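Engineer: Got a sequence here, can you model it:
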Amino acid sequence: MNRIIGLIVNPVAGMGGSVGLKGTDGEVYKKAVELGAEPVTPKRTDEVLSHIKGKEPITLLVAPGKMGECYIRDCGMPFKVMGTVGKGTSKEDTKRISREMVDHGAELLVFVGGDGTARDIYDAIGSTIPVVAVPAGVKVFSSVFAVSARAAAEMVDAFVEGAEVTEEEVLDIDENAFREGRLASRLYGYLIVPRVKKLLQGGKEASNIGKSSVAGKKEIARYIVEEMDKGVLYLLGPGTTLRAVADELGVPKTLLGIDAVLDGNLVGTDLNEKGILELMDTYEKRKILLTPIGGNGFILGRGSKQFTPEVIKRIGRENIMVVGTRDKINRLECLRADTGDFEVDQLLSGYLQVTVGYKEEMMVEVRC
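Structural biologist: Got it, this is the predicted structure:
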């Protein structure tokens with residue numbers, strides 16, 4: 001039986017990540033371009049389309065130009081271009097074209113973007129048809145998203161094979177607050193997705209500020225600081241656990257950004273990829289400290305895209321340190337990496353030692 005599947009790509013999604021803008025909502029993508037950001041979604045879209053196994057029964061309805069059409073010429077599936085767009089694109093294009101696709105018989109809608117794109121899709125079609133959400137934005141915290149582009153391809157295959165569907169959350173992330181170092185979110189709505197739990201990311205949990213959690217973070221911070229080596233550049237990722245490390249050092253911390261310390265002194269604040277690479281050129285010895293996102297376990301690829309594949313390759317797996325309270329780690333099935341480069345994700349896969357307390361470690365698997 002022929003299956004009609006829609007494809008919509010947000011061409012500016014994710015462009016703010018490497019340059020440290022923490023999003024591309026509104027006109028911010030123009031600043032990302034000025035800072036040298038490159039498009040993220042073409043590679044993500046190609047990865048989804050090239051890894052769909054059951055292509056034969058699929059006919060694609062695609063948005064015009066860089067919203068879909070540009071990426072599907074060699075995908076091996078027949079397609080029809082839907083709607084029109086101008087030189088620039090907007091969320092109104094996403095909403096209008098997704099509704100047109102539903103009206104023309106789309107049974108599943110695949111979209112490539114971040115939380116903002118998910119909200120636009122929800123506004124346009126609600127629970128009319130199921131979706132497959134391909135993670136490509138800077139902020140990808142909603143549980144509607146697949147864990148990776150390849151997982152999204154598996155979800156398309158599952159849909160074609162008749163998988164049941166379920167509801168998953170779409171979050172409304174305040175991007176202005178995010179840029180100011182605050183993660184303010186609320187439930188925006190639900191979208192229907194193929195029910196393949198292992199391929200869906202968990203929703204973002206709120207940071208635990210209970211007494212035991214605060215004490216646990218302080219224990220971790222005390223141990224990390226005691227073990228820090230002289231002459232080593234430490235790049236501190238986002239999160240309250242790493243803010244506790246900065247507090248122990250007596251230096252300020254960008255809660256949702258990347259900061260750098262050397263011999264107890266702050267040498268870089270809210271760094272983007274360029275700033276990180278410049279520091280790495282200056283200091284031969286360097287390490288990254290990360291903490292997983294509560295609820296979904298991502299250590300890379302969600303909210304920390306300044307740590308690009310190039311940065312990770314130059315740092316090396318052996319110089320990546322992961323910390324998290326025991327309660328937080330115990331609630332995770334595994335750690336996850338989705339850097340946008342599958343070879344780098346594979347490099348990170350396997351078991352990593354995670355510091356969960358003062359002189360306490362656990363071995364936890366990283367999956368991509």
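Engineer: where's the helix or strand containing V48 relative to the chain centroid, distance-wise?
Structural biologist: Element membership of V48 [criterion: DSSP states H and E] is helix 41-50. Chain-centre distance of helix 41-50: 15 Å, with CA atoms, centre = their mean, to the nearest Å.
Engineer: Could you name the helices and strands sitting against that helix?
Structural biologist: In this structure, helix 41-50 packs against strand 3-9, strand 108-113, strand 131-135, helix 149-160, with contacts taken as 3 or more CB pairs under 8 Å, 6 or more residues apart in numbering; DSSP states H and E. Backbone N, C-alpha and C define where each C-beta goes, glycine included.
Engineer: can we see that at 6 Å?
Structural biologist: Using 3 or more CB pairs under 6 Å, 6 or more residues apart in numbering; DSSP states H and E, the elements in contact with helix 41-50 are strand 108-113, helix 149-160.
Engineer: Grab the CA positions of that helix and hand them over as PDB.
Structural biologist: Output of helix 41-50 as PDB, limited to C-alpha atoms (Å, rounded to 0.1, in the frame of the first residue of the first chain):
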ATOM      1  CA  THR A  41      19.400  20.900   8.600                       C
ATOM      2  CA  PRO A  42      20.700  19.700   5.100                       C
ATOM      3  CA  LYS A  43      22.900  17.100   6.700                       C
ATOM      4  CA  ARG A  44      20.200  16.000   9.200                       C
ATOM      5  CA  THR A  45      17.600  15.800   6.400                       C
ATOM      6  CA  ASP A  46      20.000  13.700   4.200                       C
ATOM      7  CA  GLU A  47      20.700  11.400   7.100                       C
ATOM      8  CA  VAL A  48      17.000  10.700   7.700                       C
ATOM      9  CA  LEU A  49      16.200  10.100   4.000                       C
ATOM     10  CA  SER A  50      19.200   7.900   3.300                       C
END
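Engineer: Need the phi and psi values for the closest residue to Q201 other than its chain neighbours.
Structural biologist: Spatial nearest neighbour of Q201, excluding adjacent residues (CB to CB, 6 or more residues apart in numbering): N296 at 4.4 Å. As for N296, its main-chain torsions (degrees, to the nearest 10) stand at phi -120, psi -10.
Engineer: Relative to D259, how far out is N296?
Structural biologist: In this view, N296 and D259 are 23 Å apart by CB to CB, to the nearest Å.
Engineer: re the thing from before, hmm, the residue nearest to Q201 is touching G203, no?
Structural biologist: No - assessed by CB atoms under 6 Å, N296 is found out of contact with G203, at 7.0 Å.
Engineer: Who has more neighbours out of these two?
Structural biologist: N296 (22 against 19; other CB atoms under 10 Å).
Engineer: Next one: that one, what pLDDT does it get?
Structural biologist: pLDDT, N296: 89.
Engineer: Same question for A106.
Structural biologist: Note for A106: predicted pLDDT of 98.
Engineer: what do you get for P238?
Structural biologist: Here, the pLDDT recorded for P238 equals 93.
Engineer: now swap in V85 and tell me
Structural biologist: 89.
Engineer: same check, this time on G17
Structural biologist: 61.
Engineer: so where's the stretch 151-300 of the chain uncertain?
Structural biologist: Scanning the stretch 151-300 of the chain with the threshold set as pLDDT under 70 gives 175-184, 205-212.
Engineer: Show the residue spans covered by the helices in it.
Structural biologist: With DSSP state H, counting those that start in this stretch as the definition, the stretch 151-300 of the chain shows helices at residue ranges 175-179, 211-227, 240-249, 273-282.
Engineer: got the angle between the second one and helix 240-249?
Structural biologist: In other words, helix 211-227. If you take axes from the mean of the first three to the mean of the last three CA atoms, to 10 degrees, helix 211-227 sits at 60 degrees to helix 240-249.
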